[in-house]
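> Here is a sequence with its predicted model. Questions after.
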Amino acid sequence: MRIKRAIAALVAIPLLFVVTALLVSGLLSPIDYSRFRDLSPVVVDRNGKLLHVFLSNDQSYRLITSVDDVDPAYIDALVHYEDQRFWAHPGVDPFALMRAALQYIGTGQVVSGGSTITMQVARLLEPKPRTIGSKLIEIVRALQLESRFSKRQILEMYLTMLPMGGNIEGVRAASLRYWGVEPSLLSLADIALLLAVPQSPEARRPDRHADVLRSAVENIAQRLVDDGLYPVSDLGGIQELPYRELKSIPDFAWHASREVHASAPSDPLYKRWESTIDLRLQQDAEALIDAFSTTTLPGESLALLIADADSGDVLAHVSGIGFEHAAGYLDLTTAWRSPGSTLKPFIYGMAFDDGLLEPQSVVNDVAINIDGFAPQNFDREFHGPVRVGEALRQSLNVPAVLALETLGVDVFMRAWNEAGLIFRAADAQLGLALGSGELTLRQLVSAYASLANGGYSIELRHTLNARPAHKRYLLTPDSARHLKSILVGTDPQQGAFKTGTSYGYRDSWAVGVKSNYVIGVWIGRPDGNSVSGNIGRERALPLAQRLAGLLPSRDQIDRWVALPVPNGQYADAPPSVIFPNDGSQIVLTEEPSPTRSLGLQLSGADEAMTIRLNGEVLHIDPDRRRIPVPHDGFYELSVSAGSQTTQTIHFAVFAG
């Protein structure tokens, strides 16, 4: 032993002299850490679970790997196998160097390199041909690393950059690629494989050279058993180790991950972005889409969002049914499409807020023609007297159009825009009630959040801990509650949804809420062409309800019940004014002018009635039904049936 130590000293003294000379002379530039810093950007879910991994700049999977990320048994085996004095030496192990030199002298070939883990880190940071000169540089670099970093930090570099075959680097990336799991719990067979591959990364690639790798794994495992690190019984697991088939690196929420990655990184050093996505919910949603995709028609696609209605956090985001299908790389949650009937709840809700209607109000679903606009229902039939809530539940078109006329298209548009929502290529016309404008799925989800959070539209966000999402007033809490109770199905566990179908079956929608979650589904062709049978209640709604089934129930929705409509309510009842209301004060955006007018809504109307405004008989166009209000101030409106006045109301009009 004394002779061995003496020889080690004789070798170490000149070696340290050379190292010191190199350091003093300043021949070496500072260490280049760029390879270690060129990590694979990762997006994690709201709970820190790996959601999506991108390639590094040099097209590698290189994930930051700390000591705590790895099974402690692997760390013990690594140090035992590669560098037994790692925790004690200053970066260079003179005994290992001496052993390597003696082996070389005795055999005439390199038996062991004498490199420590720190020296290997130096070589991984700055790859060079394996020469004596390169070895001296590695020694210097190792000492530099040890002077700057702790042992754990050096080990982190090693675990992160270790070559694992192909473009896989590091223990964590290898574990995910080989077995599809994090390296936190490893068997003897797993550990032996992780030790074997870096010694010859290309010759021992699991997907190409399984037989060569198996032999190396068996030898290393046997040595670890012989050295007492594992019991002999663990050798049986070697035969069960899968070698040939690599797993996919996590790539969930493809579109959302790219959106988060494009934002400012929360952790630029380790290239880690935190998303609002819930991995479990995202996986379940993607599994539902995979199953649904078997029923899609050629060229058809879809998009879905699930968000928290209070925070605006997007919890699940899917666009498309695979990259091999039409527009698979496009984020269709931002596509501008006709919303069909999905705006009807907000038209009625605003009418509730303004006191123009209430859920139990009776409206008449009959044929109308307003300046050439003659809406029909989906079933091509009219249903006569019906409660407003039932008209919404059945998505009847005429009552919604009349409600929008009563409310005022300009009033609706202004309220919608003030809530942070916009239309594209939309004329301020009554056709908005049936989907004449264009919206995105994101905007509809933002709006429908109001049904779950007390009336506020919410700005959606994908990045966790970003600035608080904007909330903007859209409806009163009472109206939001009424709408939710009208829209809930017979099974409250399936949520409260409104469906929509655009002209020509181009788009089918289902948007709604369950507890404090908001769910939106769109189905159609990305190119905007028609899809036969693409009806909201038949296509989008079942999928939305299945998504709702993935979410917990946190409240019970009391389903709204329509009161019976008395027989002959419209046929036998005397004519009466539904709008304007008696005592109402109406604010118009239009300034006073001779042509300014106000929509009039009547029930029980017939040809024998007479309408007077401020005592003057009006001749009302039955298709248009508007009354002149040329000046600001108070008006008196009366309705007579024959010689009998059946109703007199007073209202005021002001320009806002």
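In hand now; what should we look at?
> Low-confidence bits of the stretch 1-150 of the chain, can you list those?
Where the stretch 1-150 of the chain drops to pLDDT under 70, the residues are 1-28, 96-114.
> got the residue ranges for the helices in it?
Residue ranges of the helices in the stretch 1-150 of the chain, as given by DSSP state H, counting those that start in this stretch, are 2-25, 34-37, 72-82, 94-107, 117-125, 132-148.
> now for the second one, which elements pack on it?
Right, the one you point to is helix 34-37. Judged by 3 or more CB pairs under 8 Å, 6 or more residues apart in numbering; DSSP states H and E, helix 34-37 is in contact with helix 117-125, helix 151-161. Every residue, glycine included, has its C-beta placed from N, CA and C.
> Return the most buried member of these.
Neighbour counts (mean count of other CB atoms under 10 Å) averaged over each of these peak at helix 117-125, with a mean of 23.
> Following the record's annotation, map out the domains of this structure.
2-240, 252-567, 574-655 (automatic domain parsing).
> what's the neighbour count on Glu146?
18 (other CB atoms under 10 Å).
> what's near enough to touch it?
Glu146 makes contact with Pro90, Gly91, Thr118, Ile154, according to CB atoms under 8 Å, 6 or more residues apart in numbering.
> The same query, at a cut-off of 10 Å, please.
His89, Pro90, Gly91, Val92, Thr116, Thr118, Val121, Ile154 (CB atoms under 10 Å, 6 or more residues apart in numbering).
> got those residues as TSV, with distance to Ser446 columns?
Compiled in TSV, the contacts of Glu146 are given as follows (distance: CB to CB, whole Å):
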residue	distance to Ser446
His89	60
Pro90	59
Gly91	56
Val92	61
Thr116	57
Thr118	53
Val121	49
Ile154	49
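> nearest to Asp38, of the residues you listed?
Nearest to Asp38 among the contacts of Glu146: Val121, at 15.1 Å, using CB to CB.
> From Lys49, how far off is the nearest residue to Gly431 once chain neighbours are set aside?
Of all residues not flanking Gly431 in the chain, Phe373 sits nearest, at 6.8 Å (CB to CB, 6 or more residues apart in numbering). With the distance defined as CB to CB, to the nearest Å, Phe373 ends up 52 Å from Lys49.
> try Gln283
Gln283 sits 10 Å away from Lys49, going by CB to CB.
> Need the overlap of contacts for those two.
By CB under 10 Å, 6+ apart, Gln283 and Lys49 have these common neighbours: Phe252.
> Would you tell me which one of the domains of the chain is buried the most?
The highest mean neighbour count among the domains of the chain, using mean count of other CB under 10 Å, belongs to domain 252-567: a mean of 20.
> Kindly provide the whole-number mean pLDDT of that one.
In this model, domain 252-567 has a mean pLDDT of 91.
> first to last residue in it, what's the distance?
Terminal residues of domain 252-567 are spaced 57 Å apart (CA to CA, to the nearest Å).
> Off-centre distance for that domain?
16 Å (CA atoms, centre = their mean, to the nearest Å).
> again, but for stretch 230-238
Offset of stretch 230-238 from its chain centre (CA atoms, centre = their mean): 44 Å.
> Provide the contact partners of that stretch at residue level.
Contacts of stretch 230-238 with the rest of the structure, by CB under 10 Å, 6+ apart, involve 73, 77, 187-193, 214, 217-218, 220-222, 224-226.
> now do 6 Å
Ser187, Leu188, Ala189, Glu218, Ala221, Leu224, Val225 (CB atoms under 6 Å, 6 or more residues apart in numbering).
> And those, which is closest to Ser553?
For the contacts of stretch 230-238, the residue nearest Ser553 by CB to CB is Ser187; the value is 41.0 Å.
> As a markdown table, the helices and strands packed on helix 34-37 with distance to Leu487 would be great.
Listed next are these as a markdown table, based on distance: least, CB to CB, whole Å:
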| stretch | distance to Leu487 |
| --- | --- |
| helix 117-125 | 60 |
| helix 151-161 | 51 |
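> that older thread, of the contacts of stretch 230-238, which is the nearest to Leu613?
Using CB to CB, the shortest approach to Leu613 within the contacts of stretch 230-238 belongs to Ser187, at 88.5 Å.
> Identify the residue nearest the closest one in space, chain neighbours excluded?
Once flanking residues are discounted, Ser187 sits nearest to Gly237: 5.0 Å by CB to CB, 6+ apart.
> In three-state terms, label that neighbour for me.
Three-state assignment for Gly237 (DSSP: H, G, I helix; E, B strand; the rest coil): helix.
> before we move on, what about Gly528?
Going by three-state DSSP: Gly528 is coil.
> Offset the numbering so it begins at 42, please.
Sure thing, new numbering starts at 42, so read that last one as Gly569.
> separation between it and Leu462?
Per CB to CB, Gly569 is found 21 Å from Leu462.
> now stretch 273-280: mean pLDDT?
Averaging pLDDT along stretch 273-280 yields 80.
> Next, report how far it is displaced from the centre of its chain.
Centroid separation for stretch 273-280 versus its chain: 43 Å, with CA atoms, centre = their mean.
> List every C-alpha atom in it, with coordinates, as PDB.
What follows is stretch 273-280, C-alpha atoms only, in PDB (Å, rounded to 0.1, in the frame of the first residue of the first chain):
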ATOM      1  CA  VAL A 273     -29.000 -12.000  -6.400                       C
ATOM      2  CA  SER A 274     -32.800 -12.200  -6.700                       C
ATOM      3  CA  ASP A 275     -32.900  -8.900  -8.600                       C
ATOM      4  CA  LEU A 276     -31.100 -10.400 -11.600                       C
ATOM      5  CA  GLY A 277     -34.300 -12.100 -12.600                       C
ATOM      6  CA  GLY A 278     -35.700  -8.700 -13.800                       C
ATOM      7  CA  ILE A 279     -33.100  -8.500 -16.500                       C
ATOM      8  CA  GLN A 280     -35.100 -10.800 -18.700                       C
END
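> tell me which element the closest residue to His93 other than its chain neighbours falls in.
Excluding its sequence neighbours, the residue lying closest to His93 (CB to CB, 6+ apart) is Ser298, at 3.6 Å. For Ser298, the host element (DSSP states H and E) is helix 295-302.
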